[in-house]
Each structure stands twice: as structure tokens, then as C-alpha cells.
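J.: pasting the structure only:
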Ligand SMILES: CC(C)(COP(=O)(O)OP(=O)(O)OC[C@H]1O[C@@H](n2cnc3c(N)ncnc32)[C@H](O)[C@@H]1OP(=O)(O)O)[C@@H](O)C(=O)NCCC(=O)NCCSC(=O)C[C@](C)(O)C(=O)O
Ligand SMILES: [Mg+2]
């Protein structure tokens, strides 16, 4: 374990100083693309400004024969594209035990390190994986003469990773966030799901018997297989001042269930989700941007609470110091999103004082 005094010291001579605070840039959707897929890659420059994060994926979903083409394709796109202030460029490198990852790191940091905001590392098992990446990135940043450190995002895809999630979140000042990796995690734990990022209709709770006994009619309710993992990930991230994300939802056509999964994650504290297909971008934007009603309600509570202490009644409900803090989280998010999204800025500017009970992200 590093001493607290050393925590913010660069890990290589000439490497940029680590950040003290993770920049809170809007990251509602991390949009995945395969840089070796020419049709998909051709669409990327036009997506700048329409998504918060563009992620060139080099790992799973890229065929083994295309690994090099994906890496070089990402370099070409990054060099040719101005991503502006509203869109970040991320990548997901291959796993640390793969034959491709060392070239992923060396090529990307050397060639486009000045354009890359975050490197997503898959299948992180524990803090030792982050320590390895931390030192390697520092060496490569120093060699490339970078002045800004590249941040690191871990995917939670193994039982060991979940068991170590707090240590992973706090392993380096580079840690930007953590995403759920439901497909690999389900496999590692022997969980059963019917689609990536979804649940299983067999995982349910049945009503207790009514007056007709155990053979009478009894309703069933499908339960969320991911609740425990997401809640634990959210706590680990909040504890270390980094950001939790839902991962992918693989049933592209089921936009309703995708929205439900994303919203559950938003309500539990996640700041964004992955979009695998253009159809999922609008869903993430809708879910992870507070509604006008939520913003209006937050403003009312803030105004009613004066100096922020004590308790008041608004529309029959008690508001106090703690519920004000929840409202301030919404207002901070609205302010941050307004800075880069003029549509939301005008929506929030005009937000009327809404009635209590407006639910987060449901109505715009
Ligand atoms: C799902 C697929 C195969 C459907 O691809 P498709 O071509 O069949 O879809 P389509 O509806 O026919 O596509 C319509 C148009 O959109 C384009 N398009 C389609 N997708 C994109 C995109 N992402 N970005 C930009 N453009 C896209 C596509 O090229 C096409 O263009 P066209 O109209 O000119 O013909 C395709 O969308 C895709 O490959 N998406 C990315 C998949 C991916 O990255 N998977 C890995 C992340 S999930 C994961 O790794 C798990 C995890 C975390 O590790 C763990 O849980 O363990
Ligand atoms: Mg995976």
C-alpha cells in the first residue's frame, strides 16, 4: 500500500501530476464503436457533439483477426477528429492477460495520448491490476511528453473484482469510474440471464398463499438480479469520489426494458450507461438527465429551506437538511448538463415549480 503522502506523486519521472479530483464531465452515455468496422467508424465524426463519450472498443466484440485494425483505426479516427468540449474520447483496451494489451497501451498513449480522456480496463480483479496500469501509463505519458494524465475506468466482470471493488475504486488517483460488466460477471458467478444486462423471468418472488391456499392464484414479480452488485459498486465509487456506471443492455430492440434498466441504475446513483447502438443514445440521455419537474422541485426546496437548516412542509411532505442535499445533487447535475447542452439549458431555465412527487427522469 502506498503512503498517503505518496499517493499524488507521479509514478514516472516526467509524467504529469495525478488529478486531485476526478473531473465531473457529463458522461450519460458511453457510446461503443468498433474502429475496425468501416461502416461504423465512418459514422463517428458526425456523432461528436451528440454523445457525451465516444469509446473505441478494442476488446470483446472485436474479432481476434481485427484487433490490430481496430487499434490503428482508433488512432486514425482520433488524429483526424476534433472532439470539442462536449464529447470525450475513451477506449476499452484488451484484457491484461491478452496478447494485445501491451501494444494497445503503447500505441494509443504514444500516438493519441493527448486526445484520450479515459482508458477502460476490462476484467479488473483487484487493485494490483490498477497499480500495473497506473505505472505503465505514467511511463508512457512521460515518454510521450503528455501534460495531462489519462484516467482509468475499471469494468466489474468477475466475482473477485466485486469482492475487491472498494480497493479497486481507491487504487489510484487515476480512477475515474467503474462499470458493471454483466455478461462476463454472470458467467464468472454461474448466474443465469436471458440477455446481456438483463435479468431472468425465473428469478421471482411469489405472493404468499391467499384464502384459497397454496393452490390458489398467486401473483409473481420478477426481481432485479443486478441490484446487489450495482448498489455495492455505487457505494465503492461514492466512497472514493469516482463515478459508477451501468454497463451494456444487449437487447437492442427492447428499448422499454433498456430504459427501465438504465433508470434503475440512475435511481441507485449511477451517472451513465453504455450505448451499443445509436438507438440507445436517446434512452441514456433521457434517463440520466434530470427532468424539468425534478429541477423545479429541487429549486422549490432550496428556496423554501433558506439557510439550509431546519425543516419545512412542502405539499404535505417534510423537507429538511438531508432532503435539501438530494435536491442540490440534482441542481448540480442540471447545471453541469446545461453548460454543454443548450436544449437542456433552456428546458431547465423555464422549469416551472413542479408539484411534489415528480419522478426522476420520467417526464421531461
Ligand atoms: C449490436 C450490433 C452488432 C448491431 O449492429 P447491426 O449492424 O446489426 O445494427 P443495425 O441496426 O443494422 O445498424 C444500423 C446502422 O447503425 C450503424 N451502427 C450500429 N451500431 C453502431 C454503433 N455502435 N455506433 C455507430 N453506428 C452503429 C450500423 O453500421 C448501421 O449503419 P448503416 O445504416 O449505414 O447500415 C452493433 O450495434 C454493435 O456491434 N455494437 C457494439 C457492440 C459492442 O461494442 N459490444 C461490446 C460491449 S458489451 C460487452 O463487451 C459486454 C461486457 C461489458 O464486457 C460484459 O458484460 O462482460
Ligand atoms: Mg466483458
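T.: Now that the structure is in, tell me what you want to look at. Predicted model only: the values in this text are computed from it and were never measured. Ligands and ions are numbered 1, 2, ... in the order given.
J.: Check the gap between the closest residue to residue 170 other than its chain neighbours and ligand 1 for me.
T.: Distances taken as C-beta to C-beta, 6 or more residues apart in numbering put residue 240 closest to residue 170, at 4.5 Å, once the chain neighbours are dropped. In this view, the C-beta of every residue, glycine as well, is placed from N, C-alpha and C. Distance, residue 240 to ligand 1, using C-beta to the nearest ligand atom, to the nearest Å: 21 Å.
J.: So what's the residue count around residue 240?
T.: Residues within reach of residue 240, counting by other C-beta atoms under 10 Å, total 20.
J.: Can you verify my assumption that it contacts residue 174?
T.: No - using C-beta atoms under 8 Å, residue 240 is not in contact with residue 174, being 11.7 Å away.
J.: Need the pLDDT of the closest residue to ligand 2 within the stretch 201-350 of the chain.
T.: Residue nearest to ligand 2 within the stretch 201-350 of the chain: residue 247 (8.2 Å; C-beta to the ion). At residue 247, the model reports a pLDDT of 97.
J.: residues touching it, list them.
T.: Residue 247 makes contact with 155, 179-182, 197, 273-274 under the criterion C-beta atoms under 8 Å, 6 or more residues apart in numbering.
J.: Now it: closest residue in space that isn't a chain neighbour?
T.: Counting by C-beta to C-beta, 6+ apart, residue 180 is the residue found nearest to residue 247 once chain neighbours are left out, at 4.2 Å.
J.: how many other residues sit next to that neighbour?
T.: Applying other C-beta under 10 Å, we find 24 residues neighbouring residue 180.
J.: show me the contacts for it.
T.: Contacts of residue 180 (C-beta under 8 Å, 6+ apart): 155-156, 197, 226, 229-230, 233, 245-247, 265.
J.: quick one: residue 349 from residue 14, how far?
T.: If you measure residue 349 against residue 14 using C-beta to C-beta, to the nearest Å, the figure is 46 Å.
J.: hang on, I meant residue 190
T.: Distance, residue 190 to residue 14, by C-beta to C-beta: 46 Å.
J.: before we move on, what about residue 265?
T.: Going from residue 265 to residue 14 by C-beta to C-beta gives 39 Å.
J.: same thing with residue 142?
T.: As judged by C-beta to C-beta, residue 142 and residue 14 stand 4 Å apart.
J.: Same question for residue 252.
T.: In this view, residue 252 and residue 14 are 45 Å apart by C-beta to C-beta.
J.: Report the beta-bridge partners for the residue nearest the centre of the chain.
T.: Within the chain, the residue whose C-alpha comes closest to the C-alpha centroid is residue 245; the distance, by C-alpha atoms, centre = their mean, is 2.7 Å. Using DSSP bridges, the beta-bridge partners of residue 245 come out as residue 179, residue 272.
J.: Who are the contact partners of it?
T.: Counting by C-beta under 8 Å, 6+ apart, residue 245 makes contact with 27, 30, 153, 177-180, 265, 270-274.
J.: list the buried ones in stretch 221-233?
T.: Of the residues in stretch 221-233, those with enough neighbours to count as buried (16 or more other C-beta atoms under 10 Å) are 225-226, 229-230, 232-233.
J.: That should have said stretch 300-307, apologies.
T.: Those would be 300-302, 305, for stretch 300-307 by 16+ other C-beta under 10 Å.
J.: residues in contact with that stretch?
T.: Contacts of stretch 300-307 (C-beta under 8 Å, 6+ apart): 312, 314, 319-321, 323-324, 327-328, 331, 353-354.
J.: Check the residues you listed and tell me the two furthest apart.
T.: Across the contacts of stretch 300-307, the two members that end up farthest from each other (C-beta to C-beta) are 321 and 354, 21.6 Å apart.
J.: More neighbours: which of these two?
T.: Remark: of residue 321 and residue 354, residue 354 carries more neighbours, 19 against 12, as counted by other C-beta under 10 Å.
J.: mind checking pLDDT for that one?
T.: The pLDDT attached to residue 354 in the predicted structure is 49.
J.: This protein against ligand 1: which residues are in contact?
T.: In this structure, the chain approaches ligand 1 at residues 32-34, 39-40, 43, 57, 60-61, 155, 157, 181-184, 196, 247-248, 252, 276-278, judged by C-beta under 6 Å from any ligand atom.
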